[in-house]
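Asks: Show me how the following folds:
(2 chains)
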Amino acid sequence: MSATPAPVPGRSNCLPEVAVELSDVTFGYDQRPVLTGISMTIPQGKVVAIMGGSGCGKTTILRLVGGQLKPRSGRVTVAGESVPDLDRDALYAMRRRFGMLFQFGALFTDMSVYENIAFALREHTDLPEELVRDLVLMKLHAVGLRGAAHLMPSELSGGMARRVALARAIALDPMLVMYDEPFAGLDPISLGVVGQLIRRLNDALGITSIVVTHDVYESLKIVDYLYFVSEGRIVAQGTPAEVRASGDAFVRQFVDGESDGPVPFHYPAAPYRSELFARA
Amino acid sequence: MLSAVANGVADVLRRLGGGAFAAIGRLGYATRFCVAVALETPAAFARLHLTLREIYFSGVLSLIIILVSGLFVGMVLALQGYDVLQRYGADESLGVLVALSLVRELGPVVAGLLFASRAGSAITAEIGLMKATEQLSAMEMMAVDPLARVVAPRFWGGVISMPLLAALFSTMGVFGAYLVGVRLIDIDPGAFWGNMKAAVDFRYDIVNGIIKSFVFGIAVSLIAVFEGYDAKPTAEGVSTATTRTVVESSLAILALDFVLTVFMFRGFT
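Replies: Reported below is the predicted structural model:
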């Protein structure tokens, strides 16, 4: 498998400039390590997936890139700027160029769909209300939900909420969009729609996308490159074609959905026999 | 045996020390949070519509419970007060008794307790749920500070609402006492209102009552927004935070009331 993410031919003609780079990043809470020696490069204009089981540290990587967490060691750079070294104003200025889709949308429940999309536009620009309206409708049209502008988040299905969150994430035309488990809990149709939207929007808007997910099947269809994370380390990486052809035990277990393998079925415990007969 | 006792004592001391450190840490965090909210005050008033909206949610929507409670408290005060006063032939001082009790103590304190239960718990639950559903994180990632957009307007909405609610509580209480004392028991209305007007001093009684309710408003609102912001992002965490808001606010109101009364009404001490 490739050591670094090579640009995938046919997807984009952009130069493979680095949008995001993590270099030997280590992070943990108190004594508990979460990430150890993570290094990855995410070229501009690409869709890169970070895959792994639940609790392996995938979302933590997004929070490090977004500056919500600071690494214990190592470098996190976005567009050449070191994120942990930014002061509050500079960090907020950088975040205006980010979009983020949270696991369950994280739509503001006291606002309508329209207000959710308009939120960032009103907070960060002085655009007249007519222009805000047009932009909101354009973003909603891009995700196929222009007709749902008046609905409240509680009236949306899971798939619709995710699409609205996607429209909100691209409201300010970001350079980088981060997706945290965009496929979790979606029916097959919504899953396909969201997957295609991620790819189409990335290509149409010329943005860079990081998709944190454990959905191998959908990811292999839309991403340019994949990183596999297990127990806070990168254990494999490659293009979708390389992943499909990989003989790596972890990748095979993940792709084939095997219940046992490098990721064991059983949580660590005392030997079964000794525990069963301990009382005898 | 001796070493087991020593280990037990060491364990207790360790837990006490750990608890004390945790409490001090939380106090420090709460202090930093207060300072941060204070610094975001201009941002809250720059988004005036948000603060007005919170005044509506904390104040206007608390009106029913405040007005009805004030009415009944005033009516009960009148009944109990009349029962005692008429023994000494001082039943015409009923208006004075009720007005001073309400304006100085019961208005701010009971309105504060009701405000903590009705609005304080709602603020905590709302902010806690926003945290649990990642709405606050989403706001941060959109380069919008939740302290300025969510916390500060709710804090000031509560601070502004509380004195107004306490004033309305006292007003309804006096009206309730009038209904019972004058309409039901047949105390002379001239004596009821006249004695009240003569005995209640604007600066000494009413202004001090307003100051009390303002201080209670700060305490309850601060506790409510802090507990919501600091809640664990789970259903249990939000539930615990809401309970803590009501308990801590109630205790804070009663303790602050004692301290403020000592400083304000020294004539009694």
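
Asks: Look up the pLDDT of residue 246 for me, please.
Replies: No chain in the question, so chain A it is. pLDDT recorded at A:S246 is 81.

Asks: right idea, wrong chain: chain B
Replies: Note for B:V246: predicted pLDDT of 97.

Asks: For residue 213, give me its contacts.
Replies: Picking chain A for this. Contacts for A:T213 (CB atoms under 8 Å, 6 or more residues apart in numbering or on different chains) come out as A:49-51, A:58, A:179, A:181-184, A:219. All C-beta spots, glycine's among them, are computed from the backbone N, C-alpha and C.

Asks: Actually, chain B is the one I wanted.
Replies: Contacts of B:S213 (CB under 8 Å, 6+ apart): B:107-108, B:111-112, B:162-163, B:165-167.

Asks: Skipping adjacent residues, who's closest to it in space?
Replies: In space, and not counting its chain neighbours, B:S213 is closest to B:A166: 3.5 Å by CB to CB, 6 or more residues apart in numbering or on different chains.

Asks: So that neighbour, which state does it fall into?
Replies: Here B:A166 is recorded as helix under DSSP: H, G, I helix; E, B strand; the rest coil.

Asks: Neighbours of it, how many?
Replies: 30 (other CB atoms under 10 Å in any protein chain shown).

Asks: likewise B:G209?
Replies: Neighbour tally, B:G209, other CB under 10 Å: 26.

Asks: which ones are touching it?
Replies: By CB under 8 Å, 6+ apart, B:G209 lies in contact with B:103-104, B:107-108, B:166, B:170.

Asks: where does the chain have its least confident helix or strand?
Replies: By default, I'm working from chain A. helix A:249-256 (a mean of 80; mean pLDDT, DSSP states H and E).

Asks: Chain B, not that one
Replies: helix B:41-46 (a mean of 86).

Asks: Is that one positioned near chain A?
Replies: No. Legend: contact between helix B:41-46 and chain A by CB under 8 Å from any CB of the partner chain is lacking; minimum distance shown is 11.1 Å.

Asks: Check which residues of that helix are buried.
Replies: If you call a residue buried by 16 or more other CB atoms under 10 Å in any protein chain shown, then helix B:41-46 has these buried ones: B:A44.

Asks: So what touches that helix?
Replies: The contact list for helix B:41-46, computed with CB under 8 Å, 6+ apart, reads B:50-51, B:145, B:148-149, B:152-153, B:155-156.

Asks: For the chain, which segments are assigned as helices?
Replies: Assuming you mean chain A. Remark: helices assigned in chain A by DSSP state H are A:58-65, A:88-95, A:113-124, A:129-142, A:158-169, A:188-205, A:216-222, A:240-245, A:249-256, A:272-276.

Asks: The chain in question should be chain B.
Replies: All helices of chain B, identified by DSSP H, fall at B:2-39, B:41-46, B:48-58, B:63-85, B:94-100, B:107-115, B:121-132, B:135-141, B:146, B:152-178, B:189-199, B:208-230, B:235-264.

Asks: Who's the closest spatial neighbour of B:Y178, skipping the chain neighbours?
Replies: That would be B:F192: by CB to CB, 6+ apart, it lies 6.7 Å from B:Y178.

Asks: same for chain A: which of the contacts of helix B:41-46 are within range?
Replies: Applying CB under 8 Å from any CB to those, one finds that B:145, B:149 fall near chain A.

Asks: okay if I get the contacts of helix B:41-46 as CSV plus neighbour count?
Replies: Formatted as CSV, the contacts of helix B:41-46 follow (neighbours: other CB atoms under 10 Å in any protein chain shown):
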residue, neighbour count
B:L50, 20
B:T51, 21
B:D145, 18
B:A148, 22
B:R149, 21
B:A152, 28
B:P153, 24
B:F155, 28
B:W156, 23
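
Asks: returning to that earlier point: out of the helices of chain A, indicate the one that is most buried.
Replies: For the helices of chain A, the largest average neighbour count (mean count of other CB atoms under 10 Å in any protein chain shown) is found in helix A:158-169, namely a mean of 24.

Asks: Test my guess that A:G57 contacts A:V229.
Replies: Yes. Counting by CB atoms under 8 Å, A:G57 touches A:V229, with 5.9 Å between them.

Asks: Touching both of these two, which residues are there?
Replies: Counting by CB under 8 Å, 6+ apart, the residues touching both A:G57 and A:V229 are A:I38.

Asks: Quick one: closest of the helices of chain A to A:E21.
Replies: helix A:58-65 (9.7 Å; CB to CB).

Asks: what packs against the closest one?
Replies: Applying 3 or more CB pairs under 8 Å, 6 or more residues apart in numbering or on different chains; DSSP states H and E, one finds that helix A:58-65 contacts strand A:18-29, strand A:32-43, strand A:47-51, strand A:73-78, strand A:176-180, strand A:208-213.

Asks: model confidence over the third one, on average?
Replies: Which is strand A:47-51. Across strand A:47-51, pLDDT averages out at 93.

Asks: buried stuff in that strand?
Replies: Using 16+ other CB under 10 Å as the test for burial, strand A:47-51 gives A:47-51.

Asks: same thing with the first one?
Replies: If you call a residue buried by 16+ other CB under 10 Å, then strand A:18-29 has these buried ones: A:19-22, A:25, A:27.

Asks: Run through the residues of the stretch 101-250 of chain A sitting next to chain B.
Replies: Neighbours of chain B within the stretch 101-250 of chain A, by CB under 8 Å from any CB: A:102-104, A:106-109, A:119-120, A:123-124.

Asks: one more time with 7 Å
Replies: A:102, A:104, A:106, A:108, A:120, A:123-124 (CB under 7 Å from any CB of the partner chain).

Asks: export those residues to TSV and tack on pLDDT?
Replies: What follows is these, written out as TSV (pLDDT from 0 to 100):
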residue	pLDDT
A:F102	89
A:F104	84
A:A106	92
A:F108	95
A:A120	92
A:E123	90
A:H124	91
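
Asks: pLDDT weak spots in chain B?
Replies: B:1, B:267-269 (pLDDT under 70).

Asks: can you list the residues of it near chain A?
Replies: Contact residues (CB under 7 Å from any CB) of chain B with chain A: B:133-135, B:137-138, B:140-144.

Asks: would you list the residues you listed in a markdown table and tack on distance to A:L151?
Replies: Below are those laid out as a markdown table (distance: CB to CB, whole Å):
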| residue | distance to A:L151 |
| --- | --- |
| B:T133 | 17 |
| B:E134 | 20 |
| B:Q135 | 17 |
| B:S137 | 23 |
| B:A138 | 18 |
| B:E140 | 25 |
| B:M141 | 23 |
| B:M142 | 21 |
| B:A143 | 26 |
| B:V144 | 23 |
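
Asks: Would you list the buried entries among those residues?
Replies: Applying 16+ other CB under 10 Å to those flags B:133-135, B:137-138, B:140-144 as buried.

Asks: now, which of these sits nearest A:A249?
Replies: Taking CB to CB as the measure, A:A249 sits nearest to B:E134 out of these, at 34.2 Å.

Asks: need the contact list for that closest one.
Replies: A:102, A:106 (CB atoms under 7 Å, 6 or more residues apart in numbering or on different chains).

Asks: what are the phi and psi angles of it?
Replies: phi 70, psi 20 (degrees, to the nearest 10).

Asks: Sounds good, over and out.
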